[in-house]
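Test case, fold it:
(chains A, B, C and D)
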2 protein chains.
Amino acid sequence: MASQVLIPSGISGTNQAKWLMTKTKKIPVPTIERLARYSRPLEDLSGSGDVVISSVRLAELCGVTSPQVRKDLAYFGEFGTRGVGYNVEDLLKEIKKILATDQEWTLCIVGIGNLGNALVENENFRKRGYNFLAAFDSDPKKVGHTLSCGLTIEPSRNMAQLIQKLHIEIGIIATPPFDAQKVTNLLTDSGIKAILNFAPIQVRVPEGCLVENVDFTVSLENIVYHLRDISKKGLF
Amino acid sequence: MASQVLIPSGISGTNQAKWLMTKTKKIPVPTIERLARYSRPLEDLSGSGDVVISSVRLAELCGVTSPQVRKDLAYFGEFGTRGVGYNVEDLLKEIKKILATDQEWTLCIVGIGNLGNALVENENFRKRGYNFLAAFDSDPKKVGHTLSCGLTIEPSRNMAQLIQKLHIEIGIIATPPFDAQKVTNLLTDSGIKAILNFAPIQVRVPEGCLVENVDFTVSLENIVYHLRDISKKGLF
DNA sequence: GCCTGTGAATCCATTCACAGCT
DNA sequence: AGCTGTGAATGGATTCACAGGC
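Numbers count the residues shown, from 1 in each chain, chains lettered A, B, ... in the order given. Presented below is the predicted three-dimensional model:
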């Protein structure tokens, strides 16, 4: 019953930056998520004019506080210039290095329904260096069909073989909940070490495998919980 | 520049349960998210046999610790029986009442690309009482087209009128990032008080409006950050 | 004996306030 | 003067350990 390694629960970290090798600070998980968010406006800005950006401005653009921005960045080094700010181009490069998005990653997707299809076709992935190399589905009616992105849907039974041949690193699950655990097993048996799971169930994985869950309805339920609070307040 | 009310930042809470009215405890935001997750296995279980469930078992199914489950539930009342556990049916009902998912909610979606389409057609929403009453897109080529779910795509200019007529409570944004802010303004001008945003940018909303962001690439970047750590560890 | 409910203790993350550089 | 970098303080959330009821 090897407990699954959910990302939030830990994996401290041996980080790449040289000075971290010695200092070995622990990086808060929320920091990593915010770094990803910081990179969005930086990408936009890196085209247009602005050469430097202050923590205050970046914070505004991302909806966080400025000390938060500074602290997050300071975990990994000194990227700014006091009295000036951060160089947009450099900062973006540093963040990408930290997040390991300065390299390409290989993905496969399992479950080509509406959602699976939307994910494979999504431009944002390719643009950021995430490349889908295979698409799987167990439905014989879908197998063999070619998607607009050029991939041909493979039967799930070819998974192990293809994942190894194509050196696929990350698996994305977009199946109905009922199939998610079976698919997870297939993926991990094929040597996959990281899974992005869109099915609204908690899948079990062997020790050392990462799982990140994306559940739309959790987000919605979060909204309605607070929304009801607000309308209640409005009434009294 | 009214600062946007992101859900994580607060909105404490005046909760529904009578005893909370007086006690006024603050509920941690992560607790709300976990409650949503607890309800998934409970829904499955409520069909099949099992009448009671212990915090240990529920924790296993959701990938959290058992004291966590107990504490989360205890914020809202005493739903269990000591020495026995929680009644599956009752617990599910209580959680739904807490989250306000015991009632129906009305949604609209803006941006009918692959993702927007996948969301509207998604069975999970309807099943949980989230009903799409309108779909908008600004592309004249899409307007007038009828989706499999029966909705006809409306031009964005009809938004205010339809949202008010149909009493739509929540807006979902599935447009490209560039259009997201404009759409947000349209939605909030139409009286929308809560937005689920799938565009990878931080949108600005007037005071009192809720925004919940879902950004797939943030999740992926979270994964690759930790994945690189692991492979590094493997090398030494 | 078993499992819930909960204050106390611990752990973690964010905020603050200011020292340090440009 | 302006803005980063950071220890110290605060505020939250999780874990612990056990009291309370079945």
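
I'd like to know how many residues surround the closest residue to residue A:35 other than its chain neighbours.
Ranked by CB to CB, 6 or more residues apart in numbering or on different chains and with sequence neighbours excluded, the top spatial neighbour of residue A:35 is residue A:95, at 5.3 Å. Placement of C-beta: from N, CA and C, glycine included. Here the neighbour count serves as a burial measure; for residue A:95 (other CB atoms under 10 Å in any protein chain shown) it reads 22.

Surely residue A:95 forms part of a helix?
Yes. Checked against DSSP: H, G, I helix; E, B strand; the rest coil, residue A:95 lies within a helix.

Contacts only, for it.
Applying CB atoms under 8 Å, 6 or more residues apart in numbering or on different chains to residue A:95 gives the contacts A:35, A:38, A:39, A:42.

Verify the stated contact: the second one with residue A:68.
No. Residue A:38 lies out of contact with residue A:68 (CB atoms under 8 Å); the separation is 10.2 Å.

Looking only at neighbour counts, state which of these two leads.
A direct count of neighbours by other CB under 10 Å for residue A:38 and residue A:68 places residue A:38 higher, at 23 against 15.

Which of the helices or strands spans the more buried one?
Secondary-structure element containing residue A:38, defined by DSSP states H and E: helix A:29-47.

Who are the packing partners of the very next helix or strand once past that helix?
Using DSSP H and E, the helix or strand that follows helix A:29-47 towards the C-terminus is strand A:52-53. With contacts defined as 3 or more CB pairs under 8 Å, 6 or more residues apart in numbering or on different chains; DSSP states H and E, the secondary structure elements packing on strand A:52-53 are strand A:85-87, helix A:88-99.

What pairs with strand A:52-53, parallel or antiparallel?
Take DSSP bridges as the rule and strand A:52-53 pairs in its sheet with strand A:85-87 (antiparallel).

what mean pLDDT would you report for the partner strand?
Strand A:85-87 comes out with an average pLDDT of 97.

mind listing what's buried in that strand?
Along strand A:85-87, these residues count as buried under the neighbour rule (16 or more other CB atoms under 10 Å in any protein chain shown): A:85, A:86, A:87.

of all those residues, which comes closest to chain B?
residue A:86 (17.8 Å; CB to the nearest CB).

Bridged to that closest one, which residues?
Under DSSP bridges, the beta-bridge partners of residue A:86 are residue A:53, residue A:80.

and the helices and strands packed on strand A:52-53 as a markdown table, adding distance to DNA strand D?
What follows is the helices and strands packed on strand A:52-53, written out as a markdown table (distance: least, CB to the nearest atom of the strand, whole Å):
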| stretch | distance to DNA strand D |
| --- | --- |
| strand A:85-87 | 4 |
| helix A:88-99 | 9 |
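
Any chance of those in CSV with distance to residue B:137 as columns?
What follows is those, written out as CSV (distance: least, CB to CB, whole Å):
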stretch, distance to residue B:137
strand A:85-87, 38
helix A:88-99, 32
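
does residue A:107 sit in a helix, a strand or a coil?
strand.

For it, give the beta-bridge partners.
Partner residues in beta bridges with residue A:107, using DSSP bridges, are residue A:132, residue A:170.

now it: how far from residue B:46?
When CB to CB, to the nearest Å is applied, the distance between residue A:107 and residue B:46 equals 35 Å.

and the two? which has more neighbours close in?
Shown here are residue A:107 and residue B:46; by other CB under 10 Å, residue A:107 has more neighbours (22 against 17).

Residue A:170 is in contact with that one, correct?
Yes. Taking contact to mean CB under 8 Å, the distance of 4.9 Å between residue A:107 and residue A:170 places them in contact.

any shared contact partners between the two?
By the contact definition CB under 8 Å, 6+ apart, residue A:107 and residue A:170 are jointly contacted by residue A:130.

Does the closest residue to DNA strand D within chain A belong to a helix, a strand or coil?
Nearest residue of chain A to DNA strand D (CB to the nearest atom of the strand) works out as residue A:83 at 2.2 Å. Put simply, residue A:83 is coil when judged by three-state DSSP.

Please identify the helix or strand for residue A:220.
Using DSSP H and E, residue A:220 falls in helix A:216-235.

mean confidence for that helix?
Along helix A:216-235, the predicted confidence averages to a pLDDT of 82.

likewise stretch A:122-129?
Mean pLDDT, stretch A:122-129: 92.

Flag every buried residue along that stretch.
By neighbour count on 16+ other CB under 10 Å, the buried set for stretch A:122-129 is A:122, A:124, A:125, A:128, A:129.

Kindly list the main-chain dihedrals of the second one?
Spelled out, it's residue A:124. For residue A:124, the backbone dihedrals are phi -60, psi -30 (criterion: degrees, to the nearest 10).

Count the residues that sit near the nearest residue to it once chain neighbours are set aside.
Distance criterion CB to CB, 6+ apart; nearest residue to residue A:124, sequence neighbours excluded, is residue B:217 at 5.7 Å. Number of residues near residue B:217 (other CB under 10 Å) recorded here: 19.

Ok, residue A:69 next?
The local packing count at residue A:69 equals 25, with neighbours defined by other CB under 10 Å.

which residues are in contact with the one helix or strand it maps to?
Using DSSP H and E, residue A:69 falls within helix A:66-74. Outside helix A:66-74, the residues within contact range by CB under 8 Å, 6+ apart are A:31, A:34-35, A:38, A:54-56, A:58-59, A:62, A:79-80, A:86, A:91.

For residue A:28, what are phi and psi?
Its backbone dihedrals place residue A:28 at phi -60, psi 140, with angles given as degrees, to the nearest 10.

From chain B, how far out is the closest residue in space to residue A:43 that isn't next to it in sequence?
If the residues on either side of it in the chain are set aside, residue A:43 comes closest to residue A:92, at 6.6 Å by CB to CB, 6+ apart. Between residue A:92 and chain B the computed distance is 13 Å (CB to the nearest CB, to the nearest Å).

what's the neighbour count on residue A:92?
By the criterion of other CB under 10 Å, residue A:92 has 19 neighbours.

and it, what does it touch?
A:39, A:42, A:43, A:46.
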